[in-house]
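**Student:** A predicted structure for the sequence below; I have some questions about it.
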Amino acid sequence: MTEETMDRQGGLANSQGRTLEQVVIATLQQKGFQVLPYAKYQGTLLEGVADDLLLTNVPFENIYGQQSKTEFKLVSRRWGEYRIECKWQQSAGSVDEKFPYLYLNCIEKMPEANIILIVDGQGARPGAVEWLRRAARERLYQDGLRQPKNIQVFSMAEFVIWANKTFRG
């Protein structure tokens, strides 16, 4: 595989991933969430400005001690806080190999108690998404945590259904 081919495939994968992110934004905007870059967030909801925010490019320190970002953090007076990470894999690739890394970051480093992982594209290796769902459901590696994590793994359609049920009004 040439470097040019790899660049094209990487660009296509990024474009497909952004499509998933746009679905999240559109879904939550329809539910009344205001989209705001994390860099402009003051760390608290501003009285009278917005009760429900969808922050983008939300930083955290990963398990290697480096700065990382997730796509979204939902901050709401009524619904609390949820960190949201999106993973799209439409063809053979390495996204699914990062699921254990992602899961460990969720339980060890992401400060939120509620974390949503949206995984779709149908290109993951057999068993990869099932492993991630089982890890979240069985709370693998969470023994002894002071703050147990509620990690939910959704497909894109499952996320939209969850949002429709959760944010009814």
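**Tutor:** Structure received. Numbering: from 1, shown residues only.
**Student:** can you count the residues close to W79?
**Tutor:** 15 (other CB atoms under 10 Å). The way it works is simple: take the backbone N, C-alpha and C, and place the C-beta from them, glycine included.
**Student:** where does E21 land in three-state SS?
**Tutor:** helix (DSSP: H, G, I helix; E, B strand; the rest coil).
**Student:** ok, it to T70 distance?
**Tutor:** For E21, the distance to T70 equals 11 Å [CB to CB, to the nearest Å].
**Student:** pick out whichever of those two has more residues nearby.
**Tutor:** T70 (24 against 16).
**Student:** what are the bridge partners for the residue nearest to the spatial centre of the chain, then?
**Tutor:** By CA atoms, centre = their mean, the mean C-alpha position of the chain lies nearest to E85, the distance being 1.2 Å. Note on E85: beta-bridge partners L117, judged by DSSP bridges.
**Student:** just checking, it touches Y101?
**Tutor:** No: E85 is beyond contact range of Y101, at 11.3 Å (criterion: CB atoms under 8 Å).
**Student:** returning to what we had before: could I get the pLDDT score of the residue nearest to the centre of the chain?
**Tutor:** Looking at E85, its pLDDT stands at 97.
**Student:** what residues are up against it?
**Tutor:** Contact analysis of E85 by CB atoms under 8 Å, 6 or more residues apart in numbering lists T70, E71, F72, L102, C106, I115, I116, L117, I118.
**Student:** any weak-confidence spans in this protein?
**Tutor:** 1-14, 45-49, 169 (pLDDT under 70).
**Student:** could you pull out the strands in the chain for me?
**Tutor:** 34-37, 52-61, 67-76, 80-88, 114-120, 150-154 (DSSP state E).
**Student:** what is the fifth one packed up against?
**Tutor:** With contacts defined as 3 or more CB pairs under 8 Å, 6 or more residues apart in numbering; DSSP states H and E, the secondary structure elements packing on strand 114-120 are helix 3-30, strand 80-88, helix 99-108, helix 128-137, strand 150-154, helix 156-166.
**Student:** just send those back as a markdown table, with distance to F60 too.
**Tutor:** A markdown table is the format used below for the helices and strands packed on strand 114-120 (distance: least, CB to CB, whole Å):
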| stretch | distance to F60 |
| --- | --- |
| helix 3-30 | 17 |
| strand 80-88 | 8 |
| helix 99-108 | 7 |
| helix 128-137 | 18 |
| strand 150-154 | 14 |
| helix 156-166 | 20 |
